[in-house]
Structures are given as structure tokens and as C-alpha cells.
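Trainee: generate a structure from the sequence data that follows.
(2 chains)
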Amino acid sequence: MWQTILRLCAISLIPIGVSIVFALLEKYNKHFQKMHRVPKQILVGVTFGVVAILGTVLGVPIEDGSIINVRDAGPIIAGLMFGGPAGIIAGFIGGLYRFVSVYWGGSGAYTQLACSISTLLAGIFTAIVRRFIFDKHHGNWYYGFFIGVLIEDFHMMMVFLTHMNDVKTAYETVSACALPMILVNSLAVMIALIIASIIFREKLFKREKKLKVGTRIQLVLIASLLVGYTVVATFSYGTIRNVVLTGVKNNSIELIDDVINEVDDSVDEYFYDKVDEIRELFNNSLEQGYDLDATIRTAISTYQIDEINLVSKENIILYSNFEKYIHFDMTQGDQSNEFTILNEYPELDVYIQELREPTSKEFELTKYAGAVITDNRGLESEDTIGYVQIGLYENKYYSLLGTKVISCADNRHINKNGFIAVASSSGYIVSTVDDATLGIGDFIEIEKLKQNDQVEYVVLTGNTQTKYYAYTRYVEGFYIVGFSEKAESDLPITIGFLGVTLAEIFIFLVLYAVIYMSIKIRVVDKIKNISNGLTDISNGDLNVQVDVRSSYEFDSLSNDINKTVDTLKGYIKMEATKNEEELEFARNIQHSVLPTSFPFNDKFEIFAMMDTAKQVGGDFYDFYYIDREHMVIQIADVSGKGIPAAMFMMEAKTIIKSLLETGMDIGEAYTEANKRLCDGNDAQMFVTAWGAVVDLSTGVVNYVNAGHNPPLIKRDNNKFEYLHSKAGFVLGGFASFHYEKQSFNIEPGDMIYLYTDGVTEANNVNKDLYSESKLEMIINHDNYSNAREVCEAVRKDVSKFVGDAEQSDDITMLCFKLNGNESTHILVCDAVVDNIPNVTNFVDDLLDKYDAQEKAKIQINIAIDEIFSNISRYAYKKGAVGKAKITVDFNETKDEVKIVFEDRGIPYNPLERKDPNAKAGLDEREIGGLGIFIVKKSMDSMEYENVNGHNILTLKKKFKQ
Amino acid sequence: MTIEKKVDGKQLTISLKGRLDTVTSPELEKEIINSIPGVVHLVLDFEGLEYVSSAGLRVILSASKLMSKQGDMILVHVNDSIKEIFDMTGFSEILNIE
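Mentor: Numbering: from 1, shown residues only, chains lettered A, B, ... in the order given. Next up, the predicted model:
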């Protein structure tokens, strides 16, 4: 037995092993995971089909010759774990092989049809269950077990169904292999599922705080079906048993009755003959006049009877072999009285009485028979003999009749293994069937058999016990006992009950599946859908609609939920709208105060843009003239959001502008503006700002940095560079802060680019920031020819970077380009005396273009000579050679020239030099200073400025009328 | 600038054409220093001279100083611009200009 179990375990390992392999592939192998559904299902299905074939081939035989296999486990596992189609394919392959393998020498012809169909249907059934009950998951391992049970139950039913004409063999087959087949296959499926759960790290026991409604329903369903099953099983068992055993009893009793009749007849026949013969004897004796007593004695010994009585027509015993009986009145006792009938109706001739206790004595059975005597003496008197009565006592009765009865039970088989036995009152068997377990001479315990109508009786033959159902009847001193072999009689019960059980299991499992499926589809799943919808809503997505309409209740529920959400949405929208309106208002303020027309003329260009974020941030840019030659450019970033920020922004803008318009130094303007902004700034808002006053003619830029981002400056056709400068505190922060103006200067063609941190801190979906380096990169990416192009290029790059992310701050920028006149000419060269002719030629060419008068030209030439040689000689340290820049500009009417000499040498203001004393004598003359003097005298104006270490000398001369 | 020299006994005439400025004055200075030994009358002919800058003034002044020891110096054919410069700088007072 253990060997069988081991072998069964071994064959189970095949489907379990294959399922582990596939589970591991699914978990760890990317190729397998990514396989398309169809090829995957085919692969799994075919593999498990082969497993099923192996199951058929590697069956394990058990005692009665049946072969136990795990074929069905293959399609079930395939279907449950991997998919319906796989299961169906596996079932088809396994079933087909099982069917055809019989034809090429395989065993199992008896269950060929049953097994093939079951395997085929196993796959299909599992696919259905997976689709409808498990929602295409594989279900729990305990479900797997019960599906295995169901399939094998069905399998056993199929064996019956395919052999309805030979139920007994079917029963034998099924009863031998039902339990092992069910266990082996179900356990194989269950173990495979458990291992798969472990591989996929799923919980084997799902524990939830509150049972899901689906689970509750299932438990109730299971409980009710179990109760139903038990009731039906019990009832059907009881009924079948009753019916069968009643049948057995009736069958047996019928036979017994036949035997009774035979026995009865035999006994009667015997006695009739006997009493007839004895009557003839007495008839003869009477005729012949023989002595009646002598006749009696003769009869006793000849016919071996115990008692002879000659009874008169008056029912008195006249003669008897027992003296004591003479003169006995037969009418005195019930038993003896019966014989009176012979006197009353002599035509009866013979009366045979049943074996009974006679009147004369108790506890000893006697059988009497009487025959009418024809009276030959012709005397009508009390001496006339009416009839002769003979009596046989028990012992003689049994010994004489035993032989008579000996063949009564011959061939009286009850079914195949049962029989009839005839026994004497002591249980001594006098007649029975040949080769029955009881034979003539055996004893049966009559007392036991008499207890009940149907008694279970055990016969021991050697070491073997045979159980029988025994039915007993009594006739004429004999017990006729019918023995029906219990095993044989019980067989229909067992078969019937097995059939009912198989059918019941099948029906109840199917019922369970159908009911649960139905509830699940109609209720549980719908509830899950609604619950999911509500979860989405409660997670913030108010646009989700719950749309479960399958029945009145769900339709109503969906409507109610959606209505509630809509009402909620309405309230939220109202609030949002209020908020929106405020923001809109603030945004309008912000936009309305910004200058929107961007000048572009030959002196300068300005372009600016501001893209506000949803949350109004309060950036602003500004630009305006404060006089013909001076333009203010400004950029600022107000802290805070909404209307308060917008108003603070307006205040800052206005204050700064009005202060600058008074001509104030920008540092002072900011200082004063800051004071005023701090005053009454309860909300603690502040502004970062960068503003400058640009001198359009000299290119001098005086600026203040109030904690703002460093602007990018493009100079000398070089790249834009960040202008790092000392940063003052933010405006509105510290009331007594003193802002200092700083300066740099620009040339025509140079650009100043201002921006707010909305640019550098713009973020994309990954929360990366645009950054200052990116800004520097894009602004230097191309040689933009005007301010608008610069701004647009930056804006585009920032947009590309931000992508789909939401704009978090205002993106504000302003680009200023100093154009100068077209007539701006620049020469840069080494500050060496040898370059004087170059510079002179440079300027002369330009002067000639505008038809400068000769005299002015000469004066200008001299001026160039003087200034440039000064620079060459003194600007740079001994030995050092620096550069000088000469910028030539013409006015609009092209009659005045402006020449600017710029060097980066030692700061020196030639104007500080005192005019030489022209009247002084030759010897005292200081040559030095003459040059500057000449220039001063001959030029219309001469101005000096030192900006950031640059000496800037500006000459102006009108060169024609 | 071109420098032409004409010696006539004790008179040296230096004719200048072009400009007497920072670049060219060293040339004139050299010439004068080389040429005036033994000269009693130095004549500077500014016929073709466009202008004079302060560097030129310096050379003229030093030449004037030198000649005052051994004779005299006279400037001739000074154009208006140059004259103006001489006036402006007071050189007109100390130079003999014709």
C-alpha cells in the first residue's frame, strides 16, 4: 500500500513540477512574460496536454487492477493557473490521446469513453469557472481542490453512465478507484496552486478585517448546500436501502413460501399414504374379523408410528395402543376435537392435522392423521369404528420425514449466493442447497432467527465469515430459512447510493458554482464597480461617473451617487469661481499698468514680455523716458500673490517712477522708494528689483540692484554675461536701507537683458529648474539682431523645457538694446603714438563723408593728435600697451561730430589741468598742457568721465555751417 | 611730412610739407639739431604745412630757444589754422611770424 502511495506521489510530481516551471517563468523570465496571449496559451496548453498524456501512460495500478492516474490534473492546472484556452487545449490533447491509445494497445478500454470525455470536459469546465467565477485569476488553492473533486466525481459518474447495462462492473471499478482518483488529482491541483501562490508571494489565506460580502455569501451557500447534500444523501440512502432490502425479503419469502408448500405437500403426502394404508389394514381386519388390538400392534411396528387410535362414531377412542387413551372422548380437547369432522363428514375420508401439541400432552409435538373406516360389521352402535387415527411423535416424525423433506430446498437459490435451508425445530438442517455454506446436518440457531422478521446471521465456514440476511417461516415442525447473502443484497444499495452520491456531489458543486456565479455577476461585481468608482471620487477625481445600471437598485444607486457628486462639484465650482474672479481681477491690474508698446528706433530698442502664472505673482517690468536722453528700464518681482501683491506692485512702480522723474540719482530714488514702501507694509511684502537709468547718448548705465537676479549684458559683440554686482536688500524690507547706484557703460549694439526668477526657476514635470546656466546658454546661442528676438528665443526655450508642467511663477523679461545712430563708428587700437595717423584717417574719412569744413577738420585732427598721444604716453604704465577706443558719432543734422576717446588706463582727467599761462615768457613755458589747452579751445565741448576705470573723454565739434 | 632744406650762407631754410604733429615732430627736431650748428638765420617755411600740434609747438619752441643763442628764427607762410593755434597758445608773442 505504501508503495502504491509513493508511486502516486511520484506521478503527481509531473503536473506539479511543470506548473512550478511555468510559474517561475512567468515571474522571472521577461521573454515569457512578454509573450503574446495566443502563443503563450498554446505553449502552456500543449505542454500540459503532454503532461496529461504522461498521466495516462504512467498510471499506477491498484489491487483490483484499476489504474490510477493524474491525467485530469493537467488540464485543470493549465486552465486555472494560466488561462482558459490553455486548459481547453490540454484537455483536448489529453482526452484525445486517452481515447485513441486504446486502439494501439493501451489499456483502459473499459473506461475509454468515460475517461476521454472527462479529460476533455475538465479543460472546458475549468475555463468556464476561471472566466466567470474567478474573473480570469486563478482562484484560491482550496477552490482548486474542489474543482479537482468535481471533475473526478464527474469522471466516476461517466463510468456509470457509459456502462448502464452493467452496473455491477461499473460499481466495482468506481468503488475501487473513486477515492484515489479524486484525492490524487485534487491534491495535485491544490499543491500546484499553493506552490504558485508562494512563488507569486500571494497570501495563502486572505484575511480581511471584515469579510467581503462575496465571501459571506459563499459561506452561506456552502453551508446550505452541505445541509441539503446531507439531507438528500441520508434520505436517498434510507430509501434505497429500504427498497432494496424489502425486495430481498420479498424475494426470499416468495421462495420460502414455495418451499413451505413443498414441505407441506411432502408431509401431507406421506401421512396420507400412511394413514390410508393403515386404514386399509384395519378395514381388512374388520372385514376378516381380526383382533383389532393385534392389528394395532402390527401397524405400529410395520408403519413405524407412535400412536394408533380407533375412534368410534361417537368420537370415543375404542381401541389404542395406549391403554390410557381408551374411552377418551375426542371432543374433550381442541386438538382431538378436530377429528370429529371425519365422523360428521365421512366423505372427507382423510383428515391430516398439522403437527402440534396434542391435547394429551404438552411440549411434545405430534402429528395426527385420520382416515374413515368403512364398517364391515354393519352394526350401528357405539362400538362402530368411525375412523382410525395415527400419530407420529417428534422423534419419529423428524426421522421419517427428514428424508421426505430432504430435497425440498434443492436448488432453492436466493439470487446467486443465497439459499434456503429447512431445519427441524432444534435447528438441525434437513435440507439445503448443494455447496451452500450450510449443509445437511449443520445447526442453525433458530432462537436467533426467530427474533425478527429479518435477521443478520453470520455463518462461519473455516476462517471465513459469511453474512446473510435470514428470513424464517415455520411449517409442520420445520423452519424454512431463507439466507440472502448480505454482500449480494447490499450491492444494489451500495451501487445506488454511490450513484446518488456522485450525482449529488456533481449537482451541488455545479449549483454552488452557478448560484455563486450568478450572485457574483449580478451583485458582488456590481458592488465592486460602485465601490471602485467611489474610491476614485474620494481620491479627488470628481468627474468620475458611477455607471452600474444592471438592475433597478443599481441604476437608482448610481443615479444617487452621481447626483451627490454633481451637487458637490457645483459647490466647489462656486468657491473656485470666486477665487478665480479675484485672481482675474488682480491679473488685470497687473497687466493694465504695464507699458505695452515697445519702442524701436535708431536710438534704442526695448522689448518685454510677461506671462503670468495662474497664481498671480506680481512681477512687473517698466520703461520710460525721464528726459530726452535718459531712459529708465526696470524689472521687479513682488512677493506674495493675489490682489495684495498686485497693489503693492503698483505702489512700488509708481513711487519709483515719480521719484526718478524728478531727476533724482537712482540710488537715492530707490532709497526713498524703499522708505515709503516700508511705511505701512503690514503684510510684510517685499519687492526685488533691478532698475537703471540709461544715458542714450553716452551709453552710461546707472543702476541699482535691490536683491534681484543679475541681468545679462552683451557688450562689444561678445557673449551675454551675467553682471554680478553688489546686491542691495529687497525693497520694502528694511526701511533705512541705503541703496547705492552702480554703473557700467554700453555701446551702440550692446544689450541688457532683465528677467525675473520665473525664468530661471521655471520647472518641468521632473521638478528640474531651468537654471541660470540654461538661460546664459540660450541667450548666447545665436546672434540675435534685436531685443524682440532675444526675448522670444528665451521664452521659447523656457516653454520647451517646461513642457506639460504647470507654470508656477510669472515669467517676465525685458531686453534693451542701444542702437546709437547708424552713424556710430568705432575704432579700437593700441594706444601707441604710431597709431595716430590711423585714428586721424579714420576720423577724416568720416568727416569727408559729411563734407566737413577744412578748418574744423584740422582742428579735429589736432585734437586727435593731442588726446591720442596723451593716452599713448600716460594712460598705461611704463612698458604697458593698452587699447584705446575711439567712437565717432554724428548728430541728426550731420553737422556736428562727437568723438569719444576711451581708454582703460590710469584715471586721468585732462580737464583738471590748469590752462597754461599763454602770456608767460618762452623760458617759463611749460610745454605740457598745451595740447589739452589747444583741444579745449578748438572744440565746441570737451567732457570727461571715468566709468568703471575707463577714462572717457568726449569731444564735440560742429564741422560745417 | 617732408622736410626740405636750403642752405644759403648762414641762412637755413627748412620747408615743411604735411603735418607737424606728435609723429612727425621728432623728425624735425632731429633735423634742426643736426643742421643748425653755424646757422645764424633759421627760416621755417610752413607753406605746405597743414597744421601743428602741441608736439610741433614744443619742437618750434626748443628750436627758438636754440636759435636765440646763435641768431634768430623766423616762421614764414603760416596758414590761418596754424596762426590761430599760435595765437591761442601765446606763441604768436614769442615767435617771429611773417
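
Trainee: mind giving me the packing neighbours of the helix or strand hosting A:Gly691?
Mentor: Assigned by DSSP states H and E, A:Gly691 falls within strand A:687-695. Packing partners of strand A:687-695 (3 or more Cβ pairs under 8 Å, 6 or more residues apart in numbering or on different chains; DSSP states H and E): strand A:630-638, helix A:642-661, helix A:666-678, strand A:700-706, strand A:751-755. Heads up, the C-betas are built off the backbone N, CA and C, glycines and all.

Trainee: tell me the angle the third one makes with strand A:700-706.
Mentor: Going back to what we said before, that points to helix A:666-678. Here the directions of helix A:666-678 and strand A:700-706 differ by 30 degrees (axes from the mean of the first three to the mean of the last three Cα atoms, to 10 degrees).

Trainee: same check on the second one?
Mentor: Relative orientation of helix A:642-661 and strand A:700-706, computed by the same axes, to 10 degrees: 150 degrees.

Trainee: buried stuff in helix A:642-661?
Mentor: Buried residues in helix A:642-661, defined by neighbour count with 16 or more other Cβ atoms under 10 Å in any protein chain shown: A:642-653, A:655-657, A:659-660.

Trainee: against which helices or strands is the longest strand along chain B packed?
Mentor: In chain B, with assignment by DSSP state E, the single longest strand is strand B:41-52. Secondary-structure packing of strand B:41-52 (3+ Cβ pairs under 8 Å, 6+ apart): helix A:854-870, strand B:11-20, helix B:54-70, strand B:72-76, helix B:80-89.

Trainee: name the surrounding residues that touch stretch A:731-742.
Mentor: With Cβ atoms under 8 Å, 6 or more residues apart in numbering or on different chains as the test, stretch A:731-742 has contacts from A:636, A:648, A:652, A:665-668, A:670-671, A:673-675, A:677-679, A:681, A:685-689, A:702-707, A:725-726, A:728-729.

Trainee: residues from chain B in reach of chain A?
Mentor: Residues of chain B lying close to chain A (Cβ under 8 Å from any Cβ of the partner chain) are B:19, B:21-23, B:50-55, B:57-58, B:61, B:64-65, B:68, B:80-81, B:85, B:88-90, B:93-94.

Trainee: weed out the non-buried ones from those.
Mentor: Applying 16+ other Cβ under 10 Å to those flags B:19, B:21-23, B:50-55, B:57-58, B:61, B:64, B:81, B:85, B:88-90, B:94 as buried.

Trainee: out of the helices and strands packed on strand A:687-695, name the one with the poorest average pLDDT.
Mentor: Of all these, helix A:642-661 carries the lowest average pLDDT, namely a mean of 86.

Trainee: contact partners of that one?
Mentor: A:582-583, A:585-587, A:589-590, A:593, A:615-620, A:622, A:624, A:626, A:632, A:634, A:636, A:638-640, A:666, A:668-670, A:672-673, A:676-677, A:681, A:683, A:685, A:687, A:689, A:691, A:693, A:731-732.

Trainee: try it again with 7 Å
Mentor: Identification of contacts with helix A:642-661 by Cβ atoms under 7 Å, 6 or more residues apart in numbering or on different chains yields A:582-583, A:585-586, A:589-590, A:593, A:616-618, A:620, A:622, A:624, A:626, A:632, A:634, A:636, A:638, A:640, A:666, A:669, A:672-673, A:676-677, A:683, A:685, A:687, A:691, A:693, A:731.

Trainee: which residues in the stretch 101-250 of chain A form helices?
Mentor: Under the criterion DSSP state H, counting those that start in this stretch, the stretch 101-250 of chain A contains helices at A:112-132, A:141-161, A:167-199, A:213-288.

Trainee: redo these as TSV? Include mean neighbour count and mean pLDDT.
Mentor: Converted to TSV, the helices of the stretch 101-250 of chain A look like this (neighbours: other Cβ atoms under 10 Å in any protein chain shown; pLDDT from 0 to 100):
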stretch	mean neighbour count	mean pLDDT
helix A:112-132	23	89
helix A:141-161	23	89
helix A:167-199	21	89
helix A:213-288	16	88
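
Trainee: need these in TSV with distance to chain B, can you?
Mentor: Shown next, in TSV, are the helices of the stretch 101-250 of chain A (distance: least, Cβ to the nearest Cβ, whole Å):
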stretch	distance to chain B
helix A:112-132	105
helix A:141-161	108
helix A:167-199	97
helix A:213-288	107
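
Trainee: and the residue nearest to A:Ala805 when sequence neighbours are not counted, its phi and psi?
Mentor: Distances taken as Cβ to Cβ, 6 or more residues apart in numbering or on different chains put A:Val765 closest to A:Ala805, at 4.5 Å, once the chain neighbours are dropped. A:Val765 has phi and psi values of phi -60, psi -20 when expressed as degrees, to the nearest 10.
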